[in-house]
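Engineer: what's the 3D shape of this:
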Amino acid sequence: MIVWPEQRENAERLRRRLLEMCNRRGVPVRYARELKAQDGKPAWGLANTDGIEIEYADVLRETSTLVHELAHQCLHIGPGAVEVSRRQEELEAETVAAVLLEAYGCGGQAPRERFTPRVVKCSNFLIAEIELERGLDIAQSLTNFTAALEAI
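Structural biologist: So this is what the prediction gives:
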């Protein structure tokens, strides 16, 4: 896969903004080496009620993993969590990550066939939280994003 320099720069900016958002919301993010999932298999990241752990990697992998784990925090952990199969959890988290990576110019294209109301809501929430730091017109950002989704 070819990765353009601007994709790395965009990923670095997004990662910084995500970490700022996590700090603002009180979600600890820790970096580690050789993470293991509950089943003992290697993992790029883990999310639980104590926060998020991420495996050290290149900027695109770290950013993608951070968004993925934040999606788990939003959709599957804590208040408002909905119990779904592990497979569905992973599909939702992967789709949210793809939406944000595409929206912020980090490459890839989010699979439109996986856009469920829960995925769109989580993606909108994360985008609003990221943009809050920049003082942008969040209502306009969400309107643009939602309109783009509806056009699909």
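Engineer: Contacts only, for the residue most central in space within the chain.
Structural biologist: The structure's the chain has its C-alpha centroid closest to Val67; by C-alpha atoms, centre = their mean the separation is 1.9 Å. Shown in contact with Val67 (C-beta atoms under 8 Å, 6 or more residues apart in numbering): Leu14, Leu18, Val96, Ala97, Leu100, Leu101, Leu126. The C-beta positions use only the backbone N, C-alpha and C, and glycine is treated the same way.
Engineer: List only those of these flagged as buried.
Structural biologist: Listed as buried from those are Leu14, Leu18, Val96, Ala97, Leu100, Leu101, Leu126; burial here means 16 or more other C-beta atoms under 10 Å.
Engineer: nearest residue to the third one other than its sequence neighbours?
Structural biologist: Of all residues not flanking Val96 in the chain, Ala71 sits nearest, at 3.7 Å (C-beta to C-beta, 6 or more residues apart in numbering).
Engineer: and the helix or strand hosting that neighbour, what's its mean pLDDT?
Structural biologist: Mapping Ala71 onto the secondary structure by DSSP states H and E places it in helix 59-76. Average pLDDT, helix 59-76: 92.
Engineer: Buried residues, that helix. List them.
Structural biologist: For helix 59-76, the buried set under the neighbour-count rule, 16+ other C-beta under 10 Å, comprises 59-60, 62-76.
Engineer: burial of the closest residue to Cys22 other than its chain neighbours, as a residue count?
Structural biologist: Spatially, and ignoring its direct neighbours in sequence, Cys22 is nearest to Val29 (5.1 Å; C-beta to C-beta, 6+ apart). Other residues lying near Val29 total 17 when counted by other C-beta atoms under 10 Å.
Engineer: Got phi/psi on Val29?
Structural biologist: The phi and psi torsions at Val29 (degrees, to the nearest 10) take the values phi -120, psi 120.
Engineer: Quick check: it touching Leu19?
Structural biologist: Yes. Between Val29 and Leu19 there is a contact under C-beta atoms under 8 Å: 6.1 Å.
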